[in-house]
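K.L.:
Coordinates for the following, if possible.
(4 chains)
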Number of protein chains: 4
Amino acid sequence: MTAPSAVKAALTTQSIETPSWAYGNSGTRFKVFAQQGVPRTPREKLDDAAQVHRFTGVAPTVALHIPWDTVDDYAGLAAYAGDLGLRLGAINSNVFQDDDYKLGSVTHPDAAVRRKALDHLLACVDIMDATGSRDLKLWFSDGTNYPGQDDIRLRQDRLAEALAAVYERLGDDQRMLLEYKFFEPAFYTTDVPDWGTAYAHCLKLGPKAQVVVDTGHHAPGTNIEFIVALLLREGKLGGFDFNSRFYADDDLMVGAADPFQLFRIMYEVVRGGGFTSDVAFMLDQCHNIEAKIPAIIRSVMNVQEATAKALLVDAAALAAAQTSGDVLGANAVLMDAYNTDVRPLLAELRQEQGLDPDPMGAYARSGWAERIVADRQGGQQAGWGA
Amino acid sequence: MTAPSAVKAALTTQSIETPSWAYGNSGTRFKVFAQQGVPRTPREKLDDAAQVHRFTGVAPTVALHIPWDTVDDYAGLAAYAGDLGLRLGAINSNVFQDDDYKLGSVTHPDAAVRRKALDHLLACVDIMDATGSRDLKLWFSDGTNYPGQDDIRLRQDRLAEALAAVYERLGDDQRMLLEYKFFEPAFYTTDVPDWGTAYAHCLKLGPKAQVVVDTGHHAPGTNIEFIVALLLREGKLGGFDFNSRFYADDDLMVGAADPFQLFRIMYEVVRGGGFTSDVAFMLDQCHNIEAKIPAIIRSVMNVQEATAKALLVDAAALAAAQTSGDVLGANAVLMDAYNTDVRPLLAELRQEQGLDPDPMGAYARSGWAERIVADRQGGQQAGWGA
Amino acid sequence: MTAPSAVKAALTTQSIETPSWAYGNSGTRFKVFAQQGVPRTPREKLDDAAQVHRFTGVAPTVALHIPWDTVDDYAGLAAYAGDLGLRLGAINSNVFQDDDYKLGSVTHPDAAVRRKALDHLLACVDIMDATGSRDLKLWFSDGTNYPGQDDIRLRQDRLAEALAAVYERLGDDQRMLLEYKFFEPAFYTTDVPDWGTAYAHCLKLGPKAQVVVDTGHHAPGTNIEFIVALLLREGKLGGFDFNSRFYADDDLMVGAADPFQLFRIMYEVVRGGGFTSDVAFMLDQCHNIEAKIPAIIRSVMNVQEATAKALLVDAAALAAAQTSGDVLGANAVLMDAYNTDVRPLLAELRQEQGLDPDPMGAYARSGWAERIVADRQGGQQAGWGA
Amino acid sequence: MTAPSAVKAALTTQSIETPSWAYGNSGTRFKVFAQQGVPRTPREKLDDAAQVHRFTGVAPTVALHIPWDTVDDYAGLAAYAGDLGLRLGAINSNVFQDDDYKLGSVTHPDAAVRRKALDHLLACVDIMDATGSRDLKLWFSDGTNYPGQDDIRLRQDRLAEALAAVYERLGDDQRMLLEYKFFEPAFYTTDVPDWGTAYAHCLKLGPKAQVVVDTGHHAPGTNIEFIVALLLREGKLGGFDFNSRFYADDDLMVGAADPFQLFRIMYEVVRGGGFTSDVAFMLDQCHNIEAKIPAIIRSVMNVQEATAKALLVDAAALAAAQTSGDVLGANAVLMDAYNTDVRPLLAELRQEQGLDPDPMGAYARSGWAERIVADRQGGQQAGWGA
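P.N.:
The predicted model follows:
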């Protein structure tokens, strides 16, 4: 296996972006269970994100969601983040919560609604200019619930038109990351349901358009690492929205449902050069019943552990076994890395970086959880609706 | 095929229960799109349900959901229903929306929460006494999101204890219908995830405990009509929560996603004697983007059309083909009924009953939709939260 | 709805290709149940295919599978087909049954195996030259069973190389149809697992490379008609391998498992112009337990019925409802066509064409089934292995 | 976590049964790739099984499949096994490969076929008497491919009748293990498709009828460990057929596809008392492309490693976290055990038992693989058909 020192060196180059909305309340259609101490403002979300970075050392950026994180002064927000040792990350657009979007946003049959949605997307690029964000993340809930409800092909035409307009608006150092999702909230067709659809659009748009893989957005049984390998081969993997699931888009903590899958994904990232390129590692999760900050710390650690195992894989031994058709041997090389307990190596790395070797314990001991419960009284807790 | 007159005669014995909550607003975790004219009170829900019954003639009962339909005077509500030509149907309990239920209700690790949940269930039986409802429908969102979160087996023990207490409380003519669901809102384990679990509990409880089949609550690919046939054979099919889906628990209009499946289900109901026994035919749907009353009329018609086709099946010809091992012949007998356009027969039946042959058109022409939009101004629209 | 005369006129332009191998024995890994009267030679397969065309009038071409249909004289086989009123259709390659292909064919780690596989593909084009076939259908069973077994990306490189060599060899009027499949016989990765992968390769190859949609080759819940609409929009839908399934690649008779899905697919074909272009309508099924010839007649009829319903859709009414955002109205336009019993219309069409209105009955009365059982004694029955 | 010494002590009590057929050839419906050195007789299968036990120390029993392992003298075969340090394990019946079983065995519409199938099952009990086997494993491929093909309910009646006859025949110390399977080779209905059906039959039969869980036989997303916990609570878990899968019944090496799932299953076994009761741990796998003996050794090791991790779980800490509703804490207790690298502990255990710490390496060095290739020339290799 790769030398621990090399693994540690590589790990120091990784950063994992946390999403502002994961610090707020979330839930299912049945119930949102509010938690005590949840942030009320974008700045308070950054305060919490700073704790995650403080104890993990690898979460320096925070994704924003517009309008949930709308502020008057984005430069001011960026400066606030900077004071906390953070940077603002991807801007996530929202064209699914206005009443006008009941039947779609950029694919809506009504041109006026499409225009409104497009204007929002363009406004998000304005915000990127202000925050210095590189990535615009586009997720469209657009789709239909019933056969015949709308014309599948026309909706693709409308989608292509909107994407082209946004692409045109991007600055030289900006990208658009197009997310696909199998289903929900649309229950018959979704206008960008799979990687193929996202890829086809991005290909026509150009190099600044890239596909983002949300690990919970696939049909049952889909081999996600295969998609990752393909997109890297095509130069079209923009990044990840990490989370995990047993069923649908469960949005559980990444690595919680299938840690072996996460390892296989990270292995393909490493093998395809994605670890040293512009692939964005982002979390996109819902902590419906567990405490949010420690859940995010745990998630960051899970990505880090999977990455460490992927880096451990003995590439030469693997290639040799593969080339010779040694099925069991090749599998064993991969499993040898996976079965290794990398927690000691990561503890060591943290200590070398001046961090507590035990981020979960250190956070628990820090008193932050108690402090925000005490301090954040009154006001409107952040959630998906605000 | 069966003679049309016999089919029509059988159809006159069917009744399909509509759920009070389908008249109110619903949505996904991403957005609830409110609709104009939606009821604000249980009585207004009944007013709408009366329209469905007026135009279809087969929807005389309405299920209530507690606490969404909580009123001071249930006897008064029942009388109000009676004046509209309706009866109150199943009582649906809700032990998933109180903050205490974050980690479960009757399976919660804390005995105090379990007690609270049980008290609610018992209170629902009190309401049944007042409304004259026969059925208590029990759906538990209880489950866990993460491996290890709670003890699977202890939760079964707690569930069994609560069910026994409710069963004990039932009157002689009352039943409890236990619903199962594959997942959501719990994303790792669900305490009643499949028909086998519901069946095992009901078996131990006794004859008043029956399984309810929600057509959207199964793993991908599950053969629902097989379950229906089995439960009827065991005398344990209490009823249906009808809806349809392409993916998960999409709660689309019944018959919209897979009309052939609905036909196969109704065929097994007919074949297993469920059509002439106590099996309850209930809708449980979400009309997130379509107009609610016509969607419910359409759904009732879809069930009726599937039933008519199922009744058309030539039982003797089918049995003969099956017995002789004629695969294509037996399949053809079934398909012959399915491929028949039963809409003329149903139009005829409605005319014989003094109804408009075209329920959708008649409702549209009735002016009710416009009237409720005009009349129901102000107040709090009904939805899942109230 | 569209006028019946227009529907009938359109239907006369459709032809449905039957596969030679469906006339032979097939089964599962557990057992192949041989049937009496099964063909022993490619000519006997054509004899049976001629019966299907004789009674349906819409199945004039027969796909070959190499080496299962290897003959010394392909021109002679084509002439034999011609004498039966048939033409030879697509050539299906087979690079999955030689012992060398245990770990892959064109993606195998060993260059010698890759070369052997490529040579077979090129030889298939030679056969196309001899038979006058337009289409080379490529299905690769290539993939891996275990994580790490082989390098996902290198296998894509090898695949691209082989496809380019075959593409180069194609004549001006020849096409290659690349098939994708979710899984089986590979159980971890499949090298062409989804439409996106097939599309990406075909796009790079050029206009003669087209994607073929096997209706049984998708992940659970996949919206196949969406893929059809997309591929038509991209000009990349080469054709269909029709069959149906409840679970995996069950290869049941097309239309047997979900006739509504087949209708939706055919609607997108019609709507996207695929019905009047070069889209090939092929069957690819296994009649493991049912009599083969009548099963194929039934399948052809199922495709025809779904097509008739798709043609019936009132396009103007649908567009109007879609444009105005009338969810229920638009769905109703589609369902109105689907719920129509088109069997009388098809019977009428057949009579106008001088055919028996009842193909199944006419075949049964023809005595062919009894004749082949009596005549085809001895010899080696055709199957997947020969 | 549990003390290593206690874990090791518990592990010494585990035994894992290997199936005779896994030593022979297997494949998919597309191709069976024969391997060199594969056994030709039941005795040669035992010879290979002895190697697995020799290097792992935990695989002392071998399951037989009738008629694949039919011999004249079962007592002689048992003695041969004894000489190798093995015992004969479960008897697996086969009522799916005779031509008569095309439409079913014990559920066939024809009473004569049912009788034939039942006679085979009873004959298997005779064999158990001769071999001293405790368990009769019953898997029925029975089902239908097309809606209407046969009557679902009558097939249950016929199944119940056959099971009762077999149950009656069992000796005091014999059990019948009823296996369920979601689908394949039947593609519409399967007569025992899920644990609920198997449970319902076993419950009526009595204590000697138990359910067997094949880990590859579930609908996508099914929570297998939940079923394990339930069956243990009901006293109805007879054993496991271990294997793993990404898609359907892939029959890959157990632990290869989802090692975390295997750990969760073993955790529920330990927690539910199954580890110290009569639960049979059996493998049921297909080594289609990998070398068979080392694949079986690897599989045995995978079960052992998952068991070791399950035994490591700190039960007291887990219960404390669960009781207090500490979601993240409870999950962490479980994950702590899973993330532990137990390979050193198992190596230590093997050394304490006088075994090589590295079973895979030791087997490779033993020369057995080369020897059987050299020795087993000619004859008919064992496979599923013989």
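
K.L.:
and the residue nearest the centre of chain A, what does it touch?
P.N.:
What sits nearest the mean C-alpha location of chain A, by CA atoms, centre = their mean, is residue A:241, with 2.4 Å. If you count contacts by CB atoms under 8 Å, 6 or more residues apart in numbering or on different chains, residue A:241 has them with A:137, A:179, A:212-217, A:282-284. C-beta here means a position set from N, CA and C on the backbone, and glycine is covered the same way.

K.L.:
pretty sure it belongs to a helix, no?
P.N.:
No: Residue A:241 is assigned strand when assessed by DSSP: H, G, I helix; E, B strand; the rest coil, not a helix.

K.L.:
That one bridge partners, please.
P.N.:
The partner list for residue A:241 in beta bridges (DSSP bridges) reads residue A:214, residue A:282.

K.L.:
which residue ranges form the strands in the stretch 1-150 of chain A?
P.N.:
Ranges of strands within the stretch 1-150 of chain A are A:16-19, A:61-65, A:87-92, A:135-138, A:143-144, based on DSSP state E, counting those that start in this stretch.

K.L.:
chain center to the fourth one, what's the gap?
P.N.:
Here strand A:135-138 is found 11 Å from its chain centre; the criterion is CA atoms, centre = their mean, to the nearest Å.

K.L.:
try the longest one
P.N.:
Averaging C-alpha coordinates over strand A:87-92 and over its chain gives two centres that are 11 Å apart (CA atoms, centre = their mean).

K.L.:
Please say whether there is contact between that strand and chain B.
P.N.:
No: using CB under 8 Å from any CB of the partner chain, we find that strand A:87-92 stays clear of chain B, coming within 13.1 Å at best.

K.L.:
mind showing which ranges of the stretch 51-200 of chain A have poor pLDDT?
P.N.:
In the prediction, the stretch 51-200 of chain A carries no residues with pLDDT under 70.

K.L.:
picking up where we left off before, need the strands of the stretch 1-150 of chain A in JSON lines with mean neighbour count, can you?
P.N.:
Shown next, in JSON lines, are the strands of the stretch 1-150 of chain A (neighbours: other CB atoms under 10 Å in any protein chain shown):
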{"stretch": "strand A:16-19", "mean neighbour count": "27"}
{"stretch": "strand A:61-65", "mean neighbour count": "26"}
{"stretch": "strand A:87-92", "mean neighbour count": "25"}
{"stretch": "strand A:135-138", "mean neighbour count": "26"}
{"stretch": "strand A:143-144", "mean neighbour count": "26"}
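
K.L.:
In CSV: these, plus distance to chain D.
P.N.:
Listed next are the strands of the stretch 1-150 of chain A as CSV, based on distance: least, CB to the nearest CB, whole Å:
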stretch, distance to chain D
strand A:16-19, 16
strand A:61-65, 21
strand A:87-92, 25
strand A:135-138, 27
strand A:143-144, 22
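
K.L.:
In JSON lines, list these along with distance to residue B:270.
P.N.:
Formatted as JSON lines, these follow (distance: least, CB to CB, whole Å):
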{"stretch": "strand A:16-19", "distance to residue B:270": "51"}
{"stretch": "strand A:61-65", "distance to residue B:270": "51"}
{"stretch": "strand A:87-92", "distance to residue B:270": "51"}
{"stretch": "strand A:135-138", "distance to residue B:270": "49"}
{"stretch": "strand A:143-144", "distance to residue B:270": "33"}
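
K.L.:
Pull up the residues of the stretch 1-150 of chain A that are close to chain C.
P.N.:
Counting by CB under 8 Å from any CB, the residues of the stretch 1-150 of chain A close to chain C are A:103, A:109-110, A:145-150.

K.L.:
With the stretch 201-350 of chain A instead?
P.N.:
Contact residues (CB under 8 Å from any CB) of the stretch 201-350 of chain A with chain C: A:203, A:218-223, A:225-226, A:229-230, A:232-234, A:260, A:264, A:268, A:271-272, A:318-319, A:321-325, A:327-328, A:330-335.

K.L.:
So the residue lying closest to residue A:238 once chain neighbours are set aside, which state does it fall into?
P.N.:
Excluding the flanking residues, the one nearest residue A:238 by CB to CB, 6 or more residues apart in numbering or on different chains is residue A:210, at 2.7 Å. Per three-state DSSP, the local secondary structure of residue A:210 is strand.

K.L.:
Secondary structure element for residue A:295, which one?
P.N.:
Using DSSP states H and E, residue A:295 sits within helix A:292-312.

K.L.:
separation between the residue in the stretch 101-250 of chain A that chain C sits nearest to and residue B:70?
P.N.:
Residue nearest to chain C within the stretch 101-250 of chain A (CB to the nearest CB): residue A:196, separated by 2.4 Å. The gap separating residue A:196 from residue B:70 is 49 Å, by CB to CB, to the nearest Å.
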